[in-house]
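Asker: The sequence and its predicted three-dimensional model are supplied below.
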Amino acid sequence: MAQRKLRGGMVGGGIGAFIGPVHRMAATLDNEAEFVAGAFSRDPEKSRKSGEELGLEPSRVYGSFKEMAEKEAKLPADKRIDFVSIVVPNSGHYEAAKAFLEAGFNVICDKPMTTTLADAKALRELVKKSGKVFALTHNYTGYPMVKQARHMVQNGLLGKINKVVCEYPQGWMSGLITSPGNAIGMWRMDPKVAGGSGCMGDLGTHGENLIRYITGLEIEEVCADLTTFVKGNGLEDDGNLLLHFKGGARGILYASQISAGEENPLSIRVYGTKLGLEWRQEDPNYLLVKDPAGTITRWSKGNSNLCKEAQAAARLIWGHPDGYIEAFANIYREAYKGIRALQAGQKIPALDHPTADDGVIGVAFIDTLLASSKSTTKWTRMEA
């Protein structure tokens with residue numbers, strides 16, 4: 001007997017949003033789920049119009065996330081949503097996630113998890129208490145070659161990790177994109193909405209999560225240099241970090257929104273005592289493996305020695321690129337495994353998606369780099 005589709009709801013992601021449609025495409029890519037409800041905007045009329053565009057029943061389109069959580073919880077079990085996707089700006093993550101967890105729903109939340117460390121820790125405790133699935137969409141962990149890189153590190157093929165270099169430059173704040181009438185995502189520069197950090201909260205947290213996912217390394221202390229180059233920005237638009245990891249490894253993490261001409265070239269290089277690795281998001285199907293003699297081997301989905309996690313994450317035959325939506329969808333697919341286990345009265349199995357623990361570490365990372373940037377001694381210990 002075929003499994004029924006999971007019923008999803010969405011908070012945020014209405015008309016004109018970027019990340020909402022991305023989540024909807026990813027969540028439904030495997031035909032395992034459909035969206036049946038939403039509170040798509042703080043403006044009830046905009047929420048209504050968004051629901052209308054998506055073809056939802058008017059009674060399942062709400063004017064606020066609080067109304068949605070309350071009314072969905074009162075619906076019969078065969079009608080109410082199974083999970084909610086939270087895709088509002090950063091400042092809204094905590095209250096929305098809290099409301100739905102307390103109402104008994106599984107939650108898939110955009111990153112960073114919250115804007116304060118206190119809220120992140122409180123939300124983590126609420127997730128544990130609820131027993132529900134909570135997934136954080138650090139989507140770059142979903143790429144097949146990222147999973148292969150992790151596998152190789154975990155199995156000691158690189159030897160002891162000594163150095164990691166991660167870069168995430170964008171250039172959208174340079175030139176026309178910030179001109180009047182063409183301001184994309186400028187809430188990211190508003191401390192009241194984005195939290196205490198701009199480009200590092202938006203991009204740097206992806207870098208931190210990617211480093212930790214692949215290498216397992218934990219940051220011990222940070223030396224940060226944050227700069228606001230664009231006049232009128234309330235938060236930094238460029239950041240450069242030196243990292244000390246527990247165990248002695250060293251790292252460099254650079255994130256920027258003013259690197260003119262750059263689109264989305266997230267990249268990571270990992271150097272061990274035996275081998276080095278390199279992965280680039282703009283060329284995601286390939287993992288470069290480097291030996292001390294300078295020989296470079298290009299791994300791809302066609303490699304017969306690919307680990308089972310990478311094979312499972314690859315949705316298309318080798319030679320065809322698995323991309324951004326598919327990586328997002330891999331996180332949703334893992335979360336669905338947990339949701340279906342709960343529905344069957346089983347324990348949540350081990351899942352390969354970022355969790356509330358990752359969310360706490362990400363917010364602690366932001367707090368630490370902000371403290372380091374303001375400090376005269378610079379090196380600042382990270383406490384999560």
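Answerer: Good, I have the coordinates.
Asker: how about the nearest residue to residue 384 once chain neighbours are set aside, what does it touch?
Answerer: Nearest residue to residue 384 in three dimensions, chain neighbours excluded: residue 364, at 3.8 Å (Cβ to Cβ, 6 or more residues apart in numbering). Quick note: C-beta positions are derived from backbone N, CA and C, even for glycine. Contact analysis of residue 364 by Cβ atoms under 8 Å, 6 or more residues apart in numbering lists 117, 120, 382, 383, 384.
Asker: For the second one, list the residues it contacts.
Answerer: The neighbourhood of residue 120, defined by Cβ under 8 Å, 6+ apart, consists of 94, 113, 114, 356, 359, 360, 362, 363, 364.
Asker: Return the members of those residues classed as buried.
Answerer: Applying 16 or more other Cβ atoms under 10 Å to the contacts of residue 120, the neighbour count classes 94, 113, 114, 356, 359, 360, 362, 363, 364 as buried.
Asker: Please, which helix or strand holds the second one?
Answerer: Just to be clear, that refers to residue 113. Following DSSP states H and E, there is no helix or strand that holds residue 113.
Asker: I'd like the distance between it and residue 292.
Answerer: 39 Å (Cβ to Cβ, to the nearest Å).
Asker: What is the nearest of the contacts of residue 120 to residue 215?
Answerer: residue 362 (15.8 Å; Cβ to Cβ).
Asker: from what I can see that closest one touches residue 113, true?
Answerer: Yes - under the criterion of Cβ atoms under 8 Å, residue 362 makes contact with residue 113 at 6.4 Å.
Asker: Let's see which of the contacts of residue 364 end up in strands.
Answerer: Among these, none falls in strands (DSSP state E).
Asker: and the two most separated of the residues you listed?
Answerer: 120 and 382 (13.5 Å).
Asker: Point out where the stretch 201-350 of the chain drops to low pLDDT.
Answerer: Along the stretch 201-350 of the chain, no part satisfies pLDDT under 70.
Asker: which stretches of it form helices?
Answerer: 205-215, 308-313, 324-343 (DSSP state H, counting those that start in this stretch).
Asker: out of the ones you listed, which comes closest to residue 250?
Answerer: Nearest to residue 250, of the helices of the stretch 201-350 of the chain and by Cβ to Cβ, is helix 205-215 at 11.7 Å.
Asker: Name the residues of that closest one that are buried.
Answerer: By neighbour count on 16+ other Cβ under 10 Å, the buried set for helix 205-215 is 205, 206, 207, 208, 209, 210, 211, 212, 213, 214, 215.
Asker: List the contacts of that helix.
Answerer: For helix 205-215, the surrounding residues in contact (Cβ under 8 Å, 6+ apart) are 111-112, 138, 140-141, 146, 149-150, 153, 161, 164, 166-168, 217-219, 249, 251, 253, 255, 266, 268, 270, 277, 354, 358, 361-362, 365-366.
Asker: Any of those residues buried? List them.
Answerer: Buried among these by 16+ other Cβ under 10 Å: 111-112, 138, 140-141, 146, 149-150, 153, 161, 164, 166-168, 217, 219, 249, 251, 253, 255, 266, 268, 270, 277, 354, 358, 361-362, 365-366.
Asker: Can you tell me how far the residue most central in space within the chain is from residue 84?
Answerer: Of all residues in the chain, the one closest to the mean position by Cα atoms, centre = their mean is residue 138, 2.0 Å from it. Per Cβ to Cβ, residue 138 is found 18 Å from residue 84.
Asker: TSV please, covering the contacts of residue 120 and showing distance to residue 233 and secondary structure.
Answerer: Listed next are these as TSV, based on distance: Cβ to Cβ, whole Å; DSSP: H, G, I helix; E, B strand; the rest coil:
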residue	distance to residue 233	secondary structure
94	24	helix
113	23	coil
114	22	coil
356	30	helix
359	25	helix
360	27	helix
362	22	helix
363	21	helix
364	24	helix
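Asker: Any chance of these in TSV with pLDDT as columns?
Answerer: Shown next, in TSV, are the contacts of residue 120 (pLDDT from 0 to 100):
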residue	pLDDT
94	98
113	97
114	97
356	98
359	97
360	98
362	97
363	97
364	97
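Asker: Thanks again, I'm all set now.
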